[in-house]
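**Q** just coords:
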């Protein structure tokens with residue numbers, strides 16, 4: 001596979017890791033969109049929610065709970081935003097499911113409607 005996130009998981013590409021276990025990895029986004037911007041990545045490769053199997057569904061629940069458990073360690077005590085982009089039109093650039101974790105500031109909301 002030529003997946004950048006799989007290579008990060010394997011340690012072939014360096015990253016600023018903040019948490020890792022046998023099911024997931026949390027590391028800093030290299031192109032942050034907020035003061036704090038992490039990615040939570042399941043270790044099993046699949047591109048989108050549409051491609052999840054039953055174990056992947058369990059892993060996503062586990063990852064969401066782990067993010068909540070780690071919020072203080074990650075500096076997210078005043079709140080945070082979780083985003084999953086699905087497909088190119090939604091802004092997905094790496095086709096390995098991942099959750100953006102953003103915080104460390106007040107986060108506004110963008111109006112995505114066409115003007």
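**A** Nice, I can see it. Keep in mind it's a predicted model, so treat the numbers as computed, not measured.
**Q** Please count neighbours and contacts with C-alpha atoms only from this point.
**A** Noted.
**Q** hang on, residue 92 in a helix?
**A** No - assigned with DSSP: H, G, I helix; E, B strand; the rest coil, residue 92 falls outside any helix and is coil.
**Q** what's the helix or strand hosting residue 64 packed up against?
**A** For residue 64, the host element (DSSP states H and E) is helix 54-70. For helix 54-70, the elements it packs on are strand 36-42, judged by 3 or more CA pairs under 8 Å, 6 or more residues apart in numbering; DSSP states H and E.
**Q** got the phi/psi numbers for the most centrally placed residue in the chain?
**A** The centre of the chain sits closest to residue 99, judged by CA atoms, centre = their mean, with a distance of 2.5 Å. Backbone torsions for residue 99, taken as degrees, to the nearest 10, come to phi -110, psi 120.
**Q** so what's it up against?
**A** The contact partners of residue 99, by CA atoms under 8 Å, 6 or more residues apart in numbering, come to 39, 40, 41, 82, 83, 84, 85.
**Q** Just the buried ones out of these, please.
**A** Among these, those that count as buried by neighbour count (16 or more other CA atoms under 10 Å) are 39, 40, 41, 84, 85.
**Q** In TSV, list the residues you listed along with pLDDT.
**A** Below are these laid out as TSV (pLDDT from 0 to 100):
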residue	pLDDT
39	98
40	98
41	98
84	96
85	95
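**Q** Dump those to TSV, plus distance to residue 71.
**A** Formatted as TSV, the buried ones among the contacts of residue 99 follow (distance: CA to CA, whole Å):
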residue	distance to residue 71
39	13
40	12
41	16
84	18
85	21
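**Q** Double-check that residue 50 belongs to a strand.
**A** No - using three-state DSSP, the assignment for residue 50 is helix, not a strand.
**Q** Could you list the low-confidence segments of the chain?
**A** Within the chain, the segments meeting pLDDT under 70 span 1, 114-115.
**Q** could you redo the last one with a cut-off of 50?
**A** For the chain, applying pLDDT under 50 flags no range at all.
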